[in-house]
Structure formats: structure tokens, C-alpha cells
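Engineer: turn this into a structure:
(2 chains, ligands or ions: 3)
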Amino acid sequence: MYPRSFEYLAATSLDEALAALADNPDAKVMTGGMSLIPLMKLRLFSPSLVVDIGRVPGLDAIDDAGDHLAIGALVRHATTASSEAVQSGAAALAQAAALTGDVQVRNRGTTCGALAHADIAADQTAAALALGATMVARSSSGERTIAADDFFVDTLTSALQPDEILVEVRVPKTGAGSGSAYGKLGRRGGQSDYAVAGAAAVVTMDGGSVAAARVALTGVGTKPSLAAGVAEALVGTDGSEAAVAAAAARATEGVTVLEDLYGSEEYKAHLAQVYAGRAVTAAMAAAS
Amino acid sequence: MHVAMTVNGREVSGDVEPRTLLVHFIRENLRLTGTHVGCETSYCGACTIQVDGAAVKSCTMLAVQADGATIRTVEGLADGDQLHAVQEGFWERHGLQCGFCTPGMLMSAASLLEQNASPSEDEIRHAIEGNLCRCTGYHNIVRSIEYAASKLRGEEPAPPDWTMDFEGVS
Ligand SMILES: Cc1cc2nc3c(=O)[nH]c(=O)nc-3n(C[C@H](O)[C@H](O)[C@H](O)COP(=O)(O)OP(=O)(O)OC[C@H]3O[C@@H](n4cnc5c(N)ncnc54)[C@H](O)[C@@H]3O)c2cc1C
Ligand code: FES
Ligand code: FES
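Structural biologist: Ligands and ions are numbered 1, 2, ... in the order given. Now for the predicted structure:
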């Protein structure tokens, strides 16, 4: 199973990569290749040029920038999952990274690559959305930031332009009194493989009541979506089991749920409620 | 394109098309056919090797991406006639039937034990999530890896336990 022929550039700097993307409208940037190579083998993607940024120095760090964590383009799932900074400041993202694919996939695939790829059933997309991450996109003409709320557009479609590279994702750290969590049902049962449905939650507690909440779903539609109804119902409550159940029941309010090979609309909506409830409960436990 | 890498301690090089998969370079150019090609869709793990110390699926890497890398394949496990502990474990605990998945299983097992000398059964099962076996039902593969872990810790492996107790496995 070979991809169609293509030219390959092992970029040694971001500028070199950005210039190549600017000059070749149908080029594709490659980081871990864990989605790009399978899609090229299936000939669903056939770029004329692959711009490999895997050797560009300086993109593989997780920096603690005080109020947020800056995760570089080449930080692999395994690193995000095992990073103490991510585990404590953005637990939902560390958990989502730990549940992404298998050991071999986590050793090569990157957190930024998973976000840029925007698979409908990806894990870290939901975590980034719930945590209110900001994407830093660079092209040869400059840099811009894109809020997670505006980043995920459609199936395999993010707000990135073809000549842009996601150089970093900035993830706000959950502070005192707040916590986050992610969980899913995987396609192979348990938590293995892409999400049939999953949810990430960030909850802030204040004196025994829920002060703020953000919940995001994955796997149920064409993109990760905020479950605004859950957050709305939860804020102001004491976060009791009954309050969480009532909030979780609103998981798919305003969210387009679609059936796929792994479940009917009804089943997906049910799972969305179950995982939204579990993520909220785990996030509250982490907040206290 | 010209690529050069170190494979099982040997400097190798060759000329490849950019689309040449690393597994094909290893099997066809280097004639190291221990690394298997199963699904070619990144799922089965039969093609697992180590690149710069990390287990990866060599059907999902381009040979050009491995330029300059240090690679270990299943042929690099044994030291002459001395089997690696994971190979001995698969032998002693019947960790294979047809053997197709075995090279990948061995590489995943060796990678796990380099990072975690005393994995629990649960940790072993999660570590081989990216390796599919159509024959064994995995049970003896887990026993084989437990055998290897004991050996590598310098302990005498517990006597074989051929019962199937799945309690507590998640
Ligand atoms: C067997 C298997 C199981 C998997 N299971 C899961 C799972 O359970 N959950 C899950 O979420 N994912 C899963 N994945 C997908 C995996 O997470 C990929 O690693 C990830 O989707 C892409 O990251 P990458 O670095 O490998 O990107 P690549 O494959 O290199 O690129 C993917 C796409 O994103 C673009 N891209 C990548 N990086 C950037 C960047 N920095 N800037 C701009 N564009 C970029 C590329 O151009 C390409 O279009 C699985 C993959 C495999 C092979
Ligand atoms: S041949 Fe590589 S994962 Fe199956
Ligand atoms: S022994 Fe036959 S596939 Fe594993």
C-alpha cells in the first residue's frame, strides 16, 4: 500500500517550511504522520509535496507560561500524557492524550497534529475546547491566534489555512478551585481507540457550589462541540449527584448528533449524557 | 532520495522514493524480513520496531523520516545465540501460535520492559493495545511478558500458570 508519488521536504526551520507551503497550495505539512500517512496510503489525500517539520528544532517543548501551558507543534501524545505540568494544569488534555490510540501512535503522533487534523472522534480536540485553548497559527505572512471555539469547523476541517502551521497550542491552567477531566467509550470497548463518544469537562467550585463549567463532546457529530446546556444547568448548583444528572441530561442540547458506523443517533446521544456526567463528576473531584 | 540510518548497530543506507514506507525499506532493501507487514493500515502492530528507542509502527513511517535515526528490529533483540528475555518468555510460555504477530509483540514487550521493569497485568495488556493477535487470545502473551519481566529483574520466573483468571482485568 503505497501513497501516490510526492515530493518530500525535510524542513530544517519553520521559515523554510512556511515558504514551501506558501509556494505549493496543495502541499501538506506533516508532524507525526499518524493520520496523514494512513490517509495518503488510502489515497484520500494525495499532496504533491509533503513538508515534514519533524526535524525543526525548538517545537517540542511544553512551557509553563504562568497562566497557561504552551505546547509546541512537535510535542507527542506520549509527552503530553506524561507531563506533570499538563497532568496538574490541564488534566483533561493529559487524560485525552493518554487515551489517544495505542503506545506506538502516542510515540509519534502530536497533540497539535491531532488538533489540526480535527477528526470527528479525536480525544484531545474535546479537551482543548473545554479548556478554552488558543491555537497559534503561523504562515509566511505572519502569526495569528484562533480560539478553540472558532477552530473546529467541520469533519477533518479546522480554521487553519493551507499555508498555516499550528506552531503551538496555549492551554489555560485550571487554577485553585477548578479541575478538569476527560473520558470516552472507545471503538474497541473500554477506552481504546477513537471515541464512539466522549466528553471533557472543566469545573470551578466556589464555596460548595459550581461557579463555572465548560463541557465539550467528541465523536457525536462532525466536530467537537460545547455542551452549553450542561454548563448552564450546572452553574449555581451544589454539584450533587442529582444536579450532575440533571445537567448531563442536557448534553446534546443544541448539538448536532449524527449516526456513524459505531452508533445510532440515539445511542450517541445517550453516551454523550453518560460521559458528560462522568467528566463533570471527575472534574469536580479534581477541583476540591 | 538518499537515506542513511543505523539498524541493529549497523550503518546502512539506500536510495528510496519519498513514498517508500520504512517497513518496506527494512524488508526489501535491508532484507531484514523479521519485521512483518500485516494490515498496512496502522492497526495490527506486526510491523512494530524501535526508532530512537520508541516503539513505532514502521508501516506508518516513511523511510525518509528515519534518515539519521537509530533503529532496532526484532533481529536486533537476540545477542548471538542468546535469546532476549522476551524471546525466551514467548518460548517458555507459549506466547505464539502462527507467529505472525510475534515480531511486533516482542518489540512492544521489549519497549515496555525498558520503561517499566515490573508492569502489572493491566499495564501489560494496555502496552500491547497496538498489537493484534488472531491466534492466542493474548493470555499467554501476557504470561510471556511477565516471564521476561522476572528474568530481566534477575528473578526466577514463577512456575507456569495455565489457568485463565480474568478477574480484575480492565
Ligand atoms: C492506529 C491509530 C489509532 C488512533 N487512535 C486515535 C484515538 O483513539 N484518538 C485520537 O484522537 N486519534 C487517534 N489517532 C490519530 C492520531 O491521534 C494522530 O496522531 C493525530 O490525529 C495526528 O497527529 P500527527 O502529529 O500524527 O499529524 P499528521 O498525521 O502528521 O497530520 C495530520 C493532519 O494534520 C495536519 N497537521 C499536522 N500537524 C500540523 C500542524 N502543526 N500545523 C498544521 N497542520 C498540521 C497535516 O497536514 C495533516 O493534514 C489514531 C491513529 C492511528 C494510526
Ligand atoms: S502492518 Fe503496520 S500496523 Fe499493521
Ligand atoms: S500468533 Fe498468530 S497472530 Fe498472534
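Engineer: who touches stretch A:107-114?
Structural biologist: Defining contact as CB atoms under 8 Å, 6 or more residues apart in numbering or on different chains, one finds that stretch A:107-114 is touched by A:31-35, A:71-78, A:80, A:93, A:97, A:100-101, A:122-125, A:166-169, B:54-56, B:60-61. (C-beta placed from N, C-alpha, C; glycine too.)
Engineer: tell me the SS of the residue nearest the centre of chain A?
Structural biologist: Centrality entry for chain A: nearest residue to the mean C-alpha point is A:Thr125, 1.8 Å, by CA atoms, centre = their mean. Three-state assignment for A:Thr125 (DSSP: H, G, I helix; E, B strand; the rest coil): helix.
Engineer: quick check: it touching A:Leu131?
Structural biologist: No - counting by CB atoms under 8 Å, no contact exists between A:Thr125 and A:Leu131, whose distance comes to 11.0 Å.
Engineer: joint contacts of these two?
Structural biologist: With the criterion set as CB under 8 Å, 6+ apart, the contacts of A:Thr125 and A:Leu131 do not overlap.
Engineer: how about the residue nearest to the centre of chain A, what does it touch?
Structural biologist: Contacts for A:Thr125 were tallied using CB under 8 Å, 6+ apart; they are A:Ala114, A:Leu115, A:Ala118, A:Asp119, A:Phe152, A:Thr218, A:Lys223, A:Pro224.
Engineer: now do 10 Å
Structural biologist: Neighbouring residues of A:Thr125 by CB atoms under 10 Å, 6 or more residues apart in numbering or on different chains: A:96, A:114-119, A:133, A:148, A:151-152, A:158, A:195, A:198, A:200, A:216, A:218-219, A:223-224.
Engineer: A:Val86 too?
Structural biologist: A:62, A:64, A:69, A:71, A:75, A:79-80, A:92-95, A:97-98, A:111, A:127, A:171, A:173.
Engineer: now check stretch B:95-114, is it near ligand 3?
Structural biologist: Yes - using CB under 6 Å from any ligand atom as the criterion, contacts between stretch B:95-114 and ligand 3 involve B:Leu96, B:Gln97, B:Cys98, B:Gly99, B:Phe100, B:Cys101.
Engineer: and that stretch, how far out from the chain middle?
Structural biologist: With CA atoms, centre = their mean, to the nearest Å as the basis, the distance from the averaged C-alpha position of stretch B:95-114 to the chain average is 4 Å.
Engineer: per-domain residue ranges of the chain.
Structural biologist: All of this refers to chain A. What automatic domain parsing lists as the domains of chain A is A:1-173, A:178-287.
Engineer: meant chain B, my bad for not saying
Structural biologist: Per automatic domain parsing, the structural domains of chain B span B:2-76, B:85-152.
Engineer: ligand 2 is nearest to which of those domains?
Structural biologist: Across the domains of chain B, the minimum distance to ligand 2, taken as CB to the nearest ligand atom, is reached by domain B:2-76, at 3.2 Å.
Engineer: which residues of the stretch 1-150 of chain A lie near ligand 1?
Structural biologist: Listed as neighbours of ligand 1 in the stretch 1-150 of chain A under the rule CB under 6 Å from any ligand atom: A:28-36, A:38, A:73, A:100-101, A:105, A:109-110, A:112-114, A:116-117, A:119, A:122-123.
Engineer: in helices, which of those residues appear?
Structural biologist: Residues from those lying in helices, with DSSP state H as the criterion: A:Leu36, A:Pro38, A:Val105, A:Cys112, A:Gly113, A:Ala114, A:Ala116, A:His117.
Engineer: tabulate the residues you listed in JSON lines, adding columns for neighbour count and pLDDT.
Structural biologist: Written out in JSON lines, the entries for those read as follows (neighbours: other CB atoms under 10 Å in any protein chain shown; pLDDT from 0 to 100):
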{"residue": "A:Leu36", "neighbour count": "21", "pLDDT": "98"}
{"residue": "A:Pro38", "neighbour count": "20", "pLDDT": "98"}
{"residue": "A:Val105", "neighbour count": "25", "pLDDT": "98"}
{"residue": "A:Cys112", "neighbour count": "27", "pLDDT": "98"}
{"residue": "A:Gly113", "neighbour count": "26", "pLDDT": "98"}
{"residue": "A:Ala114", "neighbour count": "28", "pLDDT": "98"}
{"residue": "A:Ala116", "neighbour count": "24", "pLDDT": "98"}
{"residue": "A:His117", "neighbour count": "21", "pLDDT": "98"}
